[in-house]
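**Q** kindly return the folded structure for what I paste below:
(2 chains)
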Amino acid sequence: MRLCAALAVLLTISHGMALGEEEYSFDLSEIEKKPWHIGGYVELRPVLFGLDTNAALHKLRLYDHDKENVREEYNLTALLDGSYSKDDTEFRGVVNTDLMKSYRGWSEETTLYEGYMSSRPSSTFNFGIGKKTLKWGKGYAWNPVAFLDRPKDPDDPELAREGFVVTSADYIRSFDGPLKTFSFTPVLMPVYEHINDDFGINNRLNFAGKIYFLLYDTDIDLIFLASGSKTSRYGMDFSRNITSNFEVHGELAFVNDYQKRFINSDGALFSDKYDATSYLLGLRYLTKSETTYIFEYFHNATGFAESEMTDYFSFIERGYDTYLTSGDDSILRKASNAAGGSYNRRNPMRDYLYLRASQKEPFDILYFTPSLTGIFNTADRSFSIGPELLYTGVKNLELRLKTIFLVGDSDTEFGEKQNNCRAELRVRYYF
Amino acid sequence: MKNTLFSTLVVLSLVPAVAHAAQKDAVKIAVASNSKDAASSISDKAGKCPYYLMFDSTGQLIEVVENPYENAQRGAGQQTADFLANKGVTLIIAGDFGEKMIGAMRGNSTDYLQLQGTIDDAVKKVLSPGNQILLKLDRNLSPESYESYRKLINIEPDGRRKEFILFVIKKGSEKVGVLFLAPASEKGRSALRLGDNMWLYIPNVGKPIRITSLQSAVGGIFNNSDILRLDYAKEYNVQQTEENDKEYVLHLKAKTKTVAYDKLKMWVDKDTILPIRIECLTEASMLIKTIYFKQTKDFGDKIVRPSVIETDSPLYKGYKSVIIFAKIQKRTFEDEVFTLTFMPNLETLRQ
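**A** Residues are numbered from 1 along each chain as shown, chains lettered A, B, ... in the order given. Next up, the predicted model:
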């Protein structure tokens, strides 16, 4: 019977489908399953930076360079995603190569983002081993419960990221009634020399897990990371559709004995150990005019207070003055490495608002999506705002023009960043 | 009446007679029950429920029978199905059916419905002519559980096209999964629907994110609820039925606010009980889009349905979206396939 159906489809399709004035074709070779798959994208991304020569981070990073107001950078990226499947087993690899030309000259970096084997003996159970991104959490811009992930870039949260070497499994069950789905994902993560050694304390085998429920139409995850390379931490997240155009989500993360290291304006290093509770609340709302709003509030209890950041900026200023008068850059180098680089995090402070508004296909232009993204630091009232134009109308080609403006007084997060503004064109071709 | 009355609706096919008064007398409905009271809830145990309440085509309770296989050690479902067939039952309603009982009912040509709620309400719903047409139409469009391939084409006024190829799986009344096979920029994406819940998985982003029915994963006129469509009877009640020589015209009203279109006006071919055209309307009866069903063809295994649907919208003047169907075939899946955890692995289901 199946053969008859396929034959009937073939007969119809091989001649195209006459449909009034239109002709449509559906070649069944397009849906043939192959054991191999190789895909990915190549991307060209020229970037223009408007530098803020008075900003603390400009002085910190470019103190020994000529003062320029504008700087260019050219990036060429290739991401290769390949897989091979046989029976219930799949091998997958994702390799990313970045070629960059900046004021520092040419640089190249190739990274294995993912490389793992997974096996699926049944639809209720699977396991895998290798380098993998887990991507836990429901937040769009930030994920405080993503204990085993590298942090997102809030300016570009959908970028592919490098994973960690883990062994993981999924046990899944479905039910009728209020509890529709239950799954448990245990994870073992070794941290030894040359394996995940940037994650935390080496020579530890870390155990983590995620329990997922779809309960009363709400996604709920309970997440933990047992003490090992990092202190123990627990979290939960949720997500729920309120109406056909309105979704809410949130995350809550407890980090036991978090150790924050910070410096004062003289460069003296301090350490503070405390239990940190971070949380995120967010929503996604689609209006009748097809504007999508994503709004998130993030309280990062592991971040720096306003006074701590001000001290850090003051220390940089001191170091810069010393460099100008004596040529001694030791203070600047100390500032650069202060607190294990935690000042250099994308958003190192405590309280942020994220707002993204995107308009689907305005003026009847299909596949065209303009958007505006703002990240606001509620403590020091500095912010970044970024208009963006995205066009995906050409098959497998994605064009994105994005600018970001950073606004803030002195001694504020965005006011002291290296750049005033940034403009980039991203041309990405998928294959 | 709870919105969930039809929430687990599974129909193989309803007797065409129910749409025609002349044949209505042949209808005999048996509803699984834990008591003799028609105001009680439908029993979940089709094979081992204590009682079956029998109704005629007017909705009159005509008999309460004890299920002789309530305590059977083995084969209760199969024997109950045969017992009811011998009593002239044409339609069995229960909260859940076992696989063997389903097989036996198919063998006996007995139709069945998987429903929740009270027995009285279920019988009223089932006997409403409009709803019966809608139930029949759903089963004519697709089997209860199936897989299929679709090509989705967005066509711009200047003739430019963007095409997507999708692998679609469905189980029961509220589980749908979609895997994007092409173009390369979308390959590996998957979407899942469980009732009112929808998620989109994008490989680079890595985790499934919740989406809403009115958003669109493909751009153009189709939104997420069009791509992850459930049975019409799952989401809509028929409020009014009109008819002319060749067509029924059904006026449908969404059961909940989470349904993408508040109202549908559906033209149905009387002979085939297949849709000809559907207008999707807002609560204020503003036209959002019109869906045209064309090119009816035989997909095999008694699946005869339109192979092409076209959509246009006054909100997108000059634009058109088309879906071409291929390889629709019955297939059963484990429930666990329709979970967030499984979403990255839908490709493994392709044969």
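**Q** and stretch A:329-336, which residues are buried?
**A** For stretch A:329-336, the neighbour count (16 or more other Cβ atoms under 10 Å in any protein chain shown) marks A:329, A:331-332, A:335-336 as buried. Glycine gets a C-beta too; all of them are placed from N, C-alpha and C.
**Q** can you list those in a markdown table and add distance to A:Ala141 and secondary structure?
**A** Formatted as a markdown table, the buried residues of stretch A:329-336 follow (distance: Cβ to Cβ, whole Å; DSSP: H, G, I helix; E, B strand; the rest coil):
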| residue | distance to A:Ala141 | secondary structure |
| --- | --- | --- |
| A:Asp329 | 35 | coil |
| A:Ile331 | 33 | helix |
| A:Leu332 | 31 | helix |
| A:Ala335 | 27 | helix |
| A:Ser336 | 26 | helix |
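**Q** in CSV: the residues you listed, plus distance to A:Ile223 and pLDDT.
**A** What follows is these, written out as CSV (distance: Cβ to Cβ, whole Å; pLDDT from 0 to 100):
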residue, distance to A:Ile223, pLDDT
A:Asp329, 43, 89
A:Ile331, 40, 90
A:Leu332, 39, 89
A:Ala335, 35, 87
A:Ser336, 33, 85
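**Q** make JSON lines from those and add distance to chain B to it.
**A** Below are the buried residues of stretch A:329-336 laid out as JSON lines (distance: Cβ to the nearest Cβ, whole Å):
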{"residue": "A:Asp329", "distance to chain B": "39"}
{"residue": "A:Ile331", "distance to chain B": "41"}
{"residue": "A:Leu332", "distance to chain B": "37"}
{"residue": "A:Ala335", "distance to chain B": "34"}
{"residue": "A:Ser336", "distance to chain B": "31"}
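**Q** and of the residues you listed, the nearest to B:Thr110?
**A** Nearest to B:Thr110 among those, counting by Cβ to Cβ, is A:Ser336 at 77.8 Å.
**Q** report the contact partners of the closest one.
**A** Shown in contact with A:Ser336 (Cβ atoms under 8 Å, 6 or more residues apart in numbering or on different chains): A:60-61.
**Q** got any ranges where chain A has weak pLDDT?
**A** By pLDDT under 70, the low-scoring segments of chain A are A:1-23, A:339-340.
**Q** spell out for me which residue occupies the centre of it.
**A** With the centre of chain A defined as its mean C-alpha position, the nearest residue by Cα atoms, centre = their mean is A:Lys152, 2.7 Å away.
**Q** so how many other residues sit close to B:Lys302?
**A** By the measure other Cβ atoms under 10 Å in any protein chain shown, the count of residues near B:Lys302 is 11.
**Q** what about it, distance to B:Ile153?
**A** According to Cβ to Cβ, to the nearest Å, B:Lys302 and B:Ile153 sit 28 Å apart.
**Q** per-domain residue ranges of the chain.
**A** Just going to use chain A. When chain A is parsed into structural domains using automatic domain parsing, the resulting residue ranges are A:1-32, A:33-430.
**Q** that was the other one, I meant chain B.
**A** Listed by automatic domain parsing, the domain ranges of chain B are B:3-127, B:143-351.
**Q** any chance you could list what contacts the lengthiest helix in chain A?
**A** With secondary structure taken from DSSP state H, chain A has its longest helix at helix A:306-326. Judged by Cβ under 8 Å, 6+ apart, the contacts made with helix A:306-326 from elsewhere in the structure are A:56-57, A:59-60, A:63, A:262-267, A:304, A:328-332, A:334-335, A:338, A:343, A:348-349, A:379-380, A:410-411, A:413, A:416.
**Q** confirm B:Gln132 sits in a strand?
**A** No. With the criterion set as DSSP: H, G, I helix; E, B strand; the rest coil, the secondary structure at B:Gln132 is helix rather than a strand.
**Q** that one: neighbour count?
**A** The criterion is other Cβ under 10 Å. On that basis, B:Gln132 has 26 neighbouring residues.
**Q** quick check: neighbours of the host helix or strand of A:Trp106 in the sheet, parallel or antiparallel?
**A** Here A:Trp106, judged by DSSP states H and E, is contained in strand A:105-122. Using DSSP bridges, the neighbouring strands of strand A:105-122 in the sheet come out as strand A:89-102 (antiparallel), strand A:125-132 (antiparallel).
**Q** distance of B:Pro314 relative to chain A?
**A** Spatial separation of B:Pro314 from chain A under the definition Cβ to the nearest Cβ, to the nearest Å is 12 Å.
**Q** for the residue nearest to the spatial centre of chain B, which non-adjacent residue is closest in space?
**A** Nearest to the centroid of the C-alpha atoms of chain B, with distances taken as Cα atoms, centre = their mean, sits B:Asp231, at 2.6 Å. Sequence neighbours aside, B:Asp138 is the residue nearest to B:Asp231 in space, at 4.1 Å (criterion: Cβ to Cβ, 6 or more residues apart in numbering or on different chains).
**Q** doesn't the one you found belong to a helix?
**A** Yes. Membership of B:Asp138 in a helix is supported by three-state DSSP.
**Q** contact partners of stretch A:61-69?
**A** Outside of stretch A:61-69, the residues that reach it under the criterion Cβ under 8 Å, 6+ apart are A:50-51, A:53, A:103, A:320, A:323, A:329, A:332, A:336, A:418.
**Q** which parts of stretch A:160-179 are buried?
**A** A:160-161, A:163-172, A:174.
**Q** start and end of it, how far apart?
**A** Stretch A:160-179 has its terminal residues 32 Å apart, counting by Cα to Cα, to the nearest Å.
**Q** anything in that stretch near chain B?
**A** Yes. Under the criterion of Cβ under 8 Å from any Cβ of the partner chain, stretch A:160-179 makes contact with chain B via A:160-161, A:170, A:172-176.
**Q** counting only strands, which of these make the cut?
**A** With strands identified by DSSP state E, the entries of the residues of stretch A:160-179 next to chain B that belong to them are A:170, A:172-174.
**Q** now render those as JSON lines, adding distance to B:Gln79.
**A** What follows is those, written out as JSON lines (distance: Cβ to Cβ, whole Å):
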{"residue": "A:Asp170", "distance to B:Gln79": "39"}
{"residue": "A:Ile172", "distance to B:Gln79": "34"}
{"residue": "A:Arg173", "distance to B:Gln79": "30"}
{"residue": "A:Ser174", "distance to B:Gln79": "28"}
